[in-house]
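Participant: Sharing a model that was predicted from the sequence below.
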Amino acid sequence: MAVVLCYGDSNTHGFDQATGGRYPGDVRWPGVLAALLGPSVEVISEGLNGRTTTWDDPYMPDRNGRTYLGPCLASHAPIDAVVLMLGTNDTKTIFARSAPEIAAGVSALLDVIAASGAGPDGAAPKVLLIAPPPVLAGDQRTEIWGFGDAPAKSARFGELYRIVAATGGAAFLDASPIAEVDPADGVHLTPAGHAALARAVAHEVRALL
C-alpha cells in the first residue's frame, strides 16, 4: 500500500469558518483525496491550525512547521509522497516576512524532506508542493488574525512556489485557480474548494505514484 502524507495548516486540518470547528472527514480535501485514490493508498492528514513554514508564533505554540516535520516523517515512514501546502500563516503581520522569504521557508521544508530518508528503502519521499490560494480581504476576523498584508503577499505564491518546486525537485500545483476560499473570512476553503483541490491533488499524486 502506498502512503501519502498531507502536511499543512488549517486548510488541511479542515477549519470551518462558519462554526469555528472542523469539517467532517469526507469534506476535508485529504479525506476526499483518500476516497478518490481508493483502498490501495493510505492518506495521512497532518494539518494544524496556525502552522507556519519555519516561524515560531508567540500566540500559538508548536506551530513551526519545520520543527515538527522531521518527527512527523519519521513517525509515518515509509512515505511514498508528501503533499505540502503551507505559507498562508506566514503572511501574518506579526512575522513581517515578504513573499520571497515565505517561499524560502517552503524551500527549507523541501530540504528537510529530501534529507529525511523517510521514503521507501530509505530514500526521500516524492513531493507535491501546493501554492495555497491567495488570501482575500475577508472580515474583521481576518484583521484580528493578522492577515492585513496577506492578500498582496499570497498573490505571489504561485510564481514563487513554482520556482521553489523546480529547484527542489518537487511536483507543483497552484491552488489559486482551483480552490476557492470563503469570502466571509478570506482564508479558509469552502467545501467546494476542498473537493476541487482534492480532485486536482489526486491527478498529481497518481502521476507521482
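Facilitator: Ah, there it is.
Participant: So which elements touch the longest helix along the chain?
Facilitator: Ranked by number of residues, the top helix in the chain under DSSP state H is helix 191-208. With contacts taken as 3 or more CB pairs under 8 Å, 6 or more residues apart in numbering; DSSP states H and E, helix 191-208 sits against helix 29-37, strand 81-85, strand 126-131, strand 171-174. Placement of C-beta: from N, CA and C, glycine included.
Participant: what's in contact with that helix?
Facilitator: Under the contact criterion CB atoms under 8 Å, 6 or more residues apart in numbering, helix 191-208 has outside partners 4, 14, 23, 27-33, 36-37, 41, 80-81, 83, 126, 128, 130, 133, 171, 173, 175, 178-182, 189.
Participant: By average pLDDT, which secondary structure element in this structure comes out worst?
Facilitator: helix 140-144 (a mean of 73; mean pLDDT, DSSP states H and E).
Participant: Do you have the helices of the chain handy? List them.
Facilitator: Using DSSP H, helices in the chain cover 10-13, 29-37, 65-76, 99-114, 140-144, 150-154, 157-168, 191-208.
Participant: And the fourth one, what's buried?
Facilitator: Of all the residues in helix 99-114, those buried under the rule 16 or more other CB atoms under 10 Å are 99, 101-103, 105-110, 112-114.
Participant: just the third one next, same as before
Facilitator: By neighbour count with 16+ other CB under 10 Å, helix 65-76 contains the buried residues Gly65, Arg66, Tyr68, Leu69, Cys72, Leu73, His76.
Participant: and the helices of the chain as JSON lines, adding distance to Thr88?
Facilitator: Formatted as JSON lines, those follow (distance: least, CB to CB, whole Å):
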{"stretch": "helix 10-13", "distance to Thr88": "7"}
{"stretch": "helix 29-37", "distance to Thr88": "14"}
{"stretch": "helix 65-76", "distance to Thr88": "11"}
{"stretch": "helix 99-114", "distance to Thr88": "9"}
{"stretch": "helix 140-144", "distance to Thr88": "11"}
{"stretch": "helix 150-154", "distance to Thr88": "6"}
{"stretch": "helix 157-168", "distance to Thr88": "8"}
{"stretch": "helix 191-208", "distance to Thr88": "13"}
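Participant: Out of these, flag the one nearest Glu46.
Facilitator: Set against Glu46 and scored by CB to CB, the helices of the chain come closest in helix 65-76, at 5.7 Å.
Participant: That closest one packs against which elements?
Facilitator: strand 2-8, strand 41-47, helix 99-114.
Participant: what angle do the longest one and helix 65-76 make?
Facilitator: Using axes from the mean of the first three to the mean of the last three CA atoms, to 10 degrees, one finds that helix 99-114 and helix 65-76 are set 20 degrees apart in direction.
Participant: who's in contact with helix 99-114?
Facilitator: With CB under 8 Å, 6+ apart, helix 99-114 has contacts from 52-55, 65-66, 69-70, 73, 82, 84, 86-87, 90-91, 97, 124-125, 127, 129, 153-154, 156-157, 160-161, 163-165, 167-170.
Participant: make it 7 Å
Facilitator: By CB atoms under 7 Å, 6 or more residues apart in numbering, the surrounding residues in contact with helix 99-114 are 53-54, 65-66, 69-70, 73, 82, 84, 86-87, 90-91, 124-125, 127, 129, 153, 156, 160-161, 164, 168, 170.
Participant: In JSON lines: the buried residues of helix 99-114, plus pLDDT and distance to Leu197.
Facilitator: Shown next, in JSON lines, are those (pLDDT from 0 to 100; distance: CB to CB, whole Å):
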{"residue": "Ala99", "pLDDT": "97", "distance to Leu197": "21"}
{"residue": "Glu101", "pLDDT": "98", "distance to Leu197": "25"}
{"residue": "Ile102", "pLDDT": "98", "distance to Leu197": "20"}
{"residue": "Ala103", "pLDDT": "98", "distance to Leu197": "20"}
{"residue": "Gly105", "pLDDT": "98", "distance to Leu197": "21"}
{"residue": "Val106", "pLDDT": "98", "distance to Leu197": "17"}
{"residue": "Ser107", "pLDDT": "98", "distance to Leu197": "22"}
{"residue": "Ala108", "pLDDT": "98", "distance to Leu197": "24"}
{"residue": "Leu109", "pLDDT": "98", "distance to Leu197": "19"}
{"residue": "Leu110", "pLDDT": "98", "distance to Leu197": "20"}
{"residue": "Val112", "pLDDT": "98", "distance to Leu197": "23"}
{"residue": "Ile113", "pLDDT": "98", "distance to Leu197": "20"}
{"residue": "Ala114", "pLDDT": "98", "distance to Leu197": "24"}
